[in-house]
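Engineer: Model the following, please.
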Amino acid sequence: MAASNGSEFFDLDVEAQNESFGRRSNAESVEEDEHELMWAALEKLPTRKRTNFALVKRNEEESSAGRSHDTVDVRNLDRNTRQLVVDRAMATTEQDNYKLLAGVKERLDSVGLEVPKVEVRYEDITLTANVTVGSRALPTLVNSVRDVIESILTGLRIFRPKRNSLTILNNVSGVIKPGRMTLLLGPPGSGKTSLL
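Structural biologist: The predicted model follows:
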C-alpha cells in the first residue's frame, strides 16, 4: 500500500532506475546507432577500399563536442599519426590480447558476421631431401667454405656433389580442423616448416 505522502512510489521509481536491466538513455542509443551505421557503410565498400579505412574512437574531450567515432583514411596518414591510430586501436587496459580478441568477437557477433574458418586437409605428402652425412654436415668454417665452393661449381655444372637422399615425410595424410590447437614437434631441419 502507498503511504499518504507517496514515498513508497518514489522508492519504487528509484529502484527501477538502478536495475541492471533498465533501459538505456536516448543519447546512448543514438550513439550506438550512429556507430553501427558507420560500420555498415564501411562494410558496403569493396574489400580493397575497406582495408584503407579505420574507425577510431575519440577521446572524452573530443567526443563531448559531437560524434564519438571518426572514419580515418589510413593511406593519407603520416607515420606518427598512423602509429597513434594503431596504438589507439590496440590499446586495452593492460594490453590484454584476450580482451581485444573478445571485443572483436563480440562486435562480429552483434552484427551477425561469422569468422571465416579454414580446414586444412593433406593427403599422401612425401618429402625427401638431399643431405650430407657425418662430419660434413657440421657447421664448421671448413665445411662452410666447402659448401660455398661446391655451390659455385654446381652452378657452373662442373662438379656434382654426392648427397644422400633422406625421406622426411612418407605418405602422410591428415586434417587440421578450425579451432583446434596443433602442436608440430620435430628436430631442426625435419620438415616442420615445409609441412605447414
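
Engineer: Phi, psi for residue 79 please.
Structural biologist: Main-chain torsions, residue 79, degrees, to the nearest 10: phi -60, psi -40.

Engineer: so how many other residues sit close to it?
Structural biologist: 7 (other CB atoms under 10 Å). From N, CA and C alone the C-beta is placed, and that goes for glycine too.

Engineer: how about the strands in this protein?
Structural biologist: 53-57, 69-73, 120-131, 164-176 (DSSP state E).

Engineer: Relative to residue 112, which of the ones you listed is closest?
Structural biologist: strand 53-57 (17.7 Å; CB to CB).

Engineer: circling back: which one of the strands of the chain lies closest to residue 33?
Structural biologist: strand 69-73 (11.9 Å).

Engineer: Buried ones in that closest one, by neighbour count?
Structural biologist: Buried positions in strand 69-73, judged by neighbour count with 16 or more other CB atoms under 10 Å: residue 72.

Engineer: And for stretch 129-144?
Structural biologist: residue 132.

Engineer: can you list the residues that contact that stretch?
Structural biologist: 146, 163, 164, 165, 166, 168, 191 (CB atoms under 8 Å, 6 or more residues apart in numbering).

Engineer: okay if I get the residues you listed as a markdown table plus pLDDT, neighbour count and distance to residue 82?
Structural biologist: Shown next, in a markdown table, are those (pLDDT from 0 to 100; neighbours: other CB atoms under 10 Å; distance: CB to CB, whole Å):
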| residue | pLDDT | neighbour count | distance to residue 82 |
| --- | --- | --- | --- |
| 146 | 88 | 14 | 48 |
| 163 | 79 | 13 | 48 |
| 164 | 84 | 10 | 51 |
| 165 | 87 | 8 | 50 |
| 166 | 85 | 14 | 47 |
| 168 | 81 | 18 | 43 |
| 191 | 74 | 19 | 39 |
